[in-house]
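[1] Structure here, sequence nowhere to be found:
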(Lines give C-alpha, C1' and ligand atoms only; values in the text may rest on other atoms or scores of the structure.)
Protein backbone atom coordinates (compact mmCIF):
# COMPACT_ATOMS: atom_id res chain seq x y z
CA UNK A 1 0.00 0.00 0.00
CA UNK A 2 1.34 3.45 -0.90
CA UNK A 3 0.45 6.71 0.75
CA UNK A 4 1.20 9.99 -1.10
CA UNK A 5 1.48 13.23 0.82
CA UNK A 6 1.59 16.64 -0.86
CA UNK A 7 2.51 19.93 0.79
CA UNK A 8 3.90 23.33 -0.30
CA UNK A 9 7.48 24.19 0.54
CA UNK A 10 9.15 27.54 -0.38
CA UNK A 11 7.10 27.98 -3.51
CA UNK A 12 7.72 24.40 -4.61
CA UNK A 13 5.76 21.17 -4.39
CA UNK A 14 7.31 18.08 -2.82
CA UNK A 15 5.95 14.62 -3.19
CA UNK A 16 6.68 11.92 -0.62
CA UNK A 17 5.82 8.33 -1.20
CA UNK A 18 5.95 6.11 1.86
CA UNK A 19 5.53 2.37 1.68
CA UNK A 20 3.39 1.26 4.68
CA UNK A 21 4.30 -2.32 4.07
CA UNK A 22 7.96 -1.72 4.84
CA UNK A 23 8.14 0.98 7.55
CA UNK A 24 11.93 0.73 8.06
CA UNK A 25 12.64 1.68 4.48
CA UNK A 26 11.25 5.09 3.73
CA UNK A 27 11.87 6.33 0.26
CA UNK A 28 11.42 10.03 -0.36
CA UNK A 29 11.12 11.32 -3.82
CA UNK A 30 11.17 15.04 -4.38
CA UNK A 31 9.86 16.45 -7.58
CA UNK A 32 10.27 20.13 -8.18
CA UNK A 33 7.72 21.93 -10.22
CA UNK A 34 9.01 25.30 -11.38
CA UNK A 35 6.62 28.09 -12.08
CA UNK A 36 6.44 28.45 -15.84
CA UNK A 37 6.44 32.23 -15.56
CA UNK A 38 9.97 32.10 -14.17
CA UNK A 39 11.35 30.06 -17.00
CA UNK A 40 13.76 31.76 -19.33
CA UNK A 41 12.68 31.59 -22.90
CA UNK A 42 14.99 32.26 -25.83
CA UNK A 43 13.84 34.96 -28.23
CA UNK A 44 12.37 33.63 -31.44
CA UNK A 45 14.69 33.31 -34.39
CA UNK A 46 14.42 36.15 -36.89
CA UNK A 47 12.65 35.20 -40.07
CA UNK A 48 14.87 34.00 -42.86
CA UNK A 49 15.11 36.68 -45.52
CA UNK A 50 13.68 35.66 -48.86
CA UNK A 51 16.19 34.61 -51.52
CA UNK A 52 17.25 37.07 -54.20
CA UNK A 53 14.56 37.71 -56.70
CA UNK A 54 16.87 38.58 -59.56
CA UNK A 55 18.69 36.03 -61.67
CA UNK A 56 22.21 36.81 -62.79
CA UNK A 57 21.98 39.09 -65.83
CA UNK A 58 24.04 38.11 -68.85
CA UNK A 59 25.38 41.58 -69.63
CA UNK A 60 26.96 44.45 -67.72
CA UNK A 61 24.09 46.82 -68.57
CA UNK A 62 21.40 44.44 -67.31
CA UNK A 63 23.37 43.81 -64.11
CA UNK A 64 23.54 47.52 -63.48
CA UNK A 65 19.78 47.79 -63.95
CA UNK A 66 19.26 44.99 -61.43
CA UNK A 67 21.45 46.75 -58.86
CA UNK A 68 19.57 50.00 -59.26
CA UNK A 69 16.22 48.27 -58.73
CA UNK A 70 17.41 45.90 -55.99
CA UNK A 71 20.68 47.07 -54.42
CA UNK A 72 22.45 44.30 -52.48
CA UNK A 73 22.41 44.59 -48.71
CA UNK A 74 26.21 44.67 -48.45
CA UNK A 75 26.32 47.83 -50.56
CA UNK A 76 25.11 49.87 -47.60
CA UNK A 77 28.17 48.98 -45.52
CA UNK A 78 30.56 49.87 -48.34
CA UNK A 79 29.19 53.34 -49.08
CA UNK A 80 30.95 55.18 -46.30
CA UNK A 81 33.55 57.93 -46.13
CA UNK A 82 36.97 56.82 -44.94
CA UNK A 83 40.01 58.92 -44.16
CA UNK A 84 40.47 62.04 -46.27
CA UNK A 85 43.57 64.09 -47.15
CA UNK A 86 44.49 66.87 -44.75
CA UNK A 87 44.26 69.26 -47.69
CA UNK A 88 43.04 68.75 -51.26
CA UNK A 89 45.69 70.12 -53.63
CA UNK A 90 44.17 69.12 -56.97
CA UNK A 91 40.81 67.86 -58.17
CA UNK A 92 40.36 66.17 -61.54
CA UNK A 93 37.03 66.50 -63.28
CA UNK A 94 35.67 64.55 -66.22
CA UNK A 95 32.23 64.29 -67.79
CA UNK A 96 30.70 61.18 -69.32
CA UNK A 97 28.13 61.82 -72.05
CA UNK A 98 26.14 59.54 -74.30
CA UNK A 99 25.75 55.86 -73.47
CA UNK A 100 28.17 55.46 -70.55
CA UNK A 101 30.68 52.80 -71.51
CA UNK A 102 29.72 53.33 -75.13
CA UNK A 103 29.66 57.12 -74.88
CA UNK A 104 32.24 59.89 -74.71
CA UNK A 105 34.38 61.28 -71.88
CA UNK A 106 35.92 64.73 -71.65
CA UNK A 107 38.03 66.31 -68.96
CA UNK A 108 37.29 69.84 -67.78
CA UNK A 109 40.52 71.13 -69.38
CA UNK A 110 39.78 69.29 -72.66
CA UNK A 111 43.10 67.41 -72.47
CA UNK A 112 41.15 64.19 -72.23
CA UNK A 113 38.68 63.78 -75.08
CA UNK A 114 37.96 60.15 -75.86
CA UNK A 115 35.31 57.91 -77.37
CA UNK A 116 34.33 54.97 -75.17
CA UNK A 117 33.40 51.46 -76.28
CA UNK A 118 32.81 48.16 -74.53
CA UNK A 119 35.54 45.61 -75.32
CA UNK A 120 34.57 42.55 -77.33
CA UNK A 121 34.94 40.39 -74.20
CA UNK A 122 32.00 42.30 -72.70
CA UNK A 123 29.93 42.23 -75.85
CA UNK A 124 31.08 45.57 -77.32
CA UNK A 125 32.78 46.69 -80.48
CA UNK A 126 36.10 47.67 -78.91
CA UNK A 127 36.19 50.76 -81.14
CA UNK A 128 37.13 53.07 -78.25
CA UNK A 129 38.82 53.04 -74.89
CA UNK A 130 37.16 51.83 -71.69
CA UNK A 131 37.24 52.59 -67.95
CA UNK A 132 39.55 49.65 -67.23
CA UNK A 133 42.19 51.01 -69.62
CA UNK A 134 41.94 54.46 -68.09
CA UNK A 135 42.17 53.03 -64.60
CA UNK A 136 45.17 50.90 -65.59
CA UNK A 137 46.96 53.92 -67.02
CA UNK A 138 46.30 56.02 -63.93
CA UNK A 139 47.28 53.28 -61.49
CA UNK A 140 50.49 52.43 -63.38
CA UNK A 141 51.61 56.08 -63.49
CA UNK A 142 50.74 56.73 -59.86
CA UNK A 143 52.45 53.58 -58.58
CA UNK A 144 55.53 54.26 -60.73
CA UNK A 145 55.88 57.70 -59.11
CA UNK A 146 55.52 56.15 -55.65
CA UNK A 147 58.17 53.57 -56.56
CA UNK A 148 60.63 56.25 -57.64
CA UNK A 149 59.83 58.24 -54.51
CA UNK A 150 60.70 55.45 -52.06
CA UNK A 151 63.80 54.51 -54.05
CA UNK A 152 64.94 58.14 -54.10
CA UNK A 153 64.79 58.25 -50.31
CA UNK A 154 67.57 55.67 -50.32
CA UNK A 155 69.39 57.42 -53.17
CA UNK A 156 68.77 54.45 -55.46
CA UNK A 157 68.33 55.07 -59.18
CA UNK A 158 65.69 53.05 -61.00
CA UNK A 159 66.98 53.77 -64.50
CA UNK A 160 64.59 52.62 -67.21
CA UNK A 161 62.08 51.14 -64.81
CA UNK A 162 58.53 50.36 -65.87
CA UNK A 163 55.27 49.60 -64.13
CA UNK A 164 52.54 47.78 -66.03
CA UNK A 165 49.02 47.72 -64.58
CA UNK A 166 46.67 44.93 -65.63
CA UNK A 167 43.05 45.59 -64.66
CA UNK A 168 40.56 42.79 -65.05
CA UNK A 169 36.79 42.91 -64.69
CA UNK A 170 34.35 40.07 -64.15
CA UNK A 171 31.17 39.01 -62.36
CA UNK A 172 31.15 39.08 -58.58
CA UNK A 173 27.85 37.80 -57.27
CA UNK A 174 25.10 40.10 -58.56
CA UNK A 175 27.57 42.82 -59.55
CA UNK A 176 30.95 43.17 -61.25
CA UNK A 177 34.34 43.34 -59.57
CA UNK A 178 37.88 44.36 -60.46
CA UNK A 179 41.23 42.66 -60.01
CA UNK A 180 44.61 44.36 -60.50
CA UNK A 181 48.11 43.07 -61.15
CA UNK A 182 51.06 45.48 -61.06
CA UNK A 183 54.13 44.25 -62.91
CA UNK A 184 57.30 46.06 -61.76
CA UNK A 185 60.49 45.88 -63.82
CA UNK A 186 63.76 47.58 -62.84
CA UNK A 187 66.63 46.50 -65.12
CA UNK A 188 69.97 45.94 -63.38
CA UNK A 189 68.55 45.80 -59.82
CA UNK A 190 68.23 42.68 -57.67
CA UNK A 191 64.69 41.35 -57.42
CA UNK A 192 64.81 41.37 -53.62
CA UNK A 193 65.58 45.09 -53.62
CA UNK A 194 62.91 45.79 -56.21
CA UNK A 195 60.42 43.85 -54.09
CA UNK A 196 61.36 45.95 -51.07
CA UNK A 197 60.77 49.18 -52.99
CA UNK A 198 57.51 47.82 -54.48
CA UNK A 199 56.13 46.88 -51.05
CA UNK A 200 57.05 50.33 -49.71
CA UNK A 201 55.45 52.05 -52.72
CA UNK A 202 52.28 50.01 -52.18
CA UNK A 203 51.93 51.67 -48.77
CA UNK A 204 52.20 55.27 -50.01
CA UNK A 205 50.61 55.13 -53.48
CA UNK A 206 47.19 56.86 -53.32
CA UNK A 207 45.66 54.32 -55.71
CA UNK A 208 46.94 51.42 -53.61
CA UNK A 209 45.61 53.01 -50.45
CA UNK A 210 42.23 53.67 -52.08
CA UNK A 211 41.82 50.10 -53.33
CA UNK A 212 43.24 48.30 -50.29
CA UNK A 213 40.62 46.01 -48.81
CA UNK A 214 38.25 46.58 -51.74
CA UNK A 215 39.83 44.73 -54.66
CA UNK A 216 42.64 42.23 -55.13
CA UNK A 217 45.96 43.86 -56.04
CA UNK A 218 48.98 41.66 -56.79
CA UNK A 219 52.54 42.98 -56.99
CA UNK A 220 54.64 41.02 -59.47
CA UNK A 221 58.35 41.77 -59.71
CA UNK A 222 60.21 40.69 -62.86
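    Done, it's in. Just so it is clear, the structure is predicted and the values come from calculations on it, not from any experiment.
[2] where are the low-confidence patches of this structure?
    Applying pLDDT under 70 to the chain picks out residues 1-82.
[3] mind listing the helices for it?
    Remark: helices assigned in the chain by DSSP state H are 60-69, 75-78, 131-153, 191-204, 206-211.
[4] among those, which is nearest residue 95?
    Nearest to residue 95, of all the helices of the chain, is helix 131-153, at 13.7 Å by Cβ to Cβ. Backbone N, C-alpha and C define where each C-beta goes, glycine included.
[5] That closest one to helix 191-204, inter-axis angle?
    In terms of direction (axes from the mean of the first three to the mean of the last three Cα atoms, to 10 degrees), helix 131-153 departs from helix 191-204 by 110 degrees.
[6] buried ones in helix 131-153?
    By neighbour count on 16 or more other Cβ atoms under 10 Å, the buried set for helix 131-153 is 131-132, 134-136, 139-140, 142-144, 146-148, 150-151.
[7] if I look at the closest residue in space to residue 185 that isn't next to it in sequence, how far off is residue 190?
    Spatially, and ignoring its direct neighbours in sequence, residue 185 is nearest to residue 222 (4.4 Å; Cβ to Cβ, 6 or more residues apart in numbering). In this view, residue 222 and residue 190 are 12 Å apart by Cβ to Cβ, to the nearest Å.
[8] returning to what we had before: let's have the helices of the chain in TSV, adding distance to residue 89.
    Compiled in TSV, these are given as follows (distance: least, Cβ to Cβ, whole Å):
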stretch	distance to residue 89
helix 60-69	33
helix 75-78	27
helix 131-153	14
helix 191-204	16
helix 206-211	11
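[9] for the protein, what spans make up the strands?
    2-9, 12-19, 94-97, 104-107, 113-115, 162-172, 175-185, 216-221 (DSSP state E).
[10] a markdown table please, covering those and showing mean neighbour count and distance to residue 197.
    A markdown table is the format used below for those (neighbours: other Cβ atoms under 10 Å; distance: least, Cβ to Cβ, whole Å):
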| stretch | mean neighbour count | distance to residue 197 |
| --- | --- | --- |
| strand 2-9 | 8 | 81 |
| strand 12-19 | 14 | 77 |
| strand 94-97 | 12 | 31 |
| strand 104-107 | 16 | 31 |
| strand 113-115 | 12 | 32 |
| strand 162-172 | 16 | 11 |
| strand 175-185 | 17 | 8 |
| strand 216-221 | 15 | 9 |
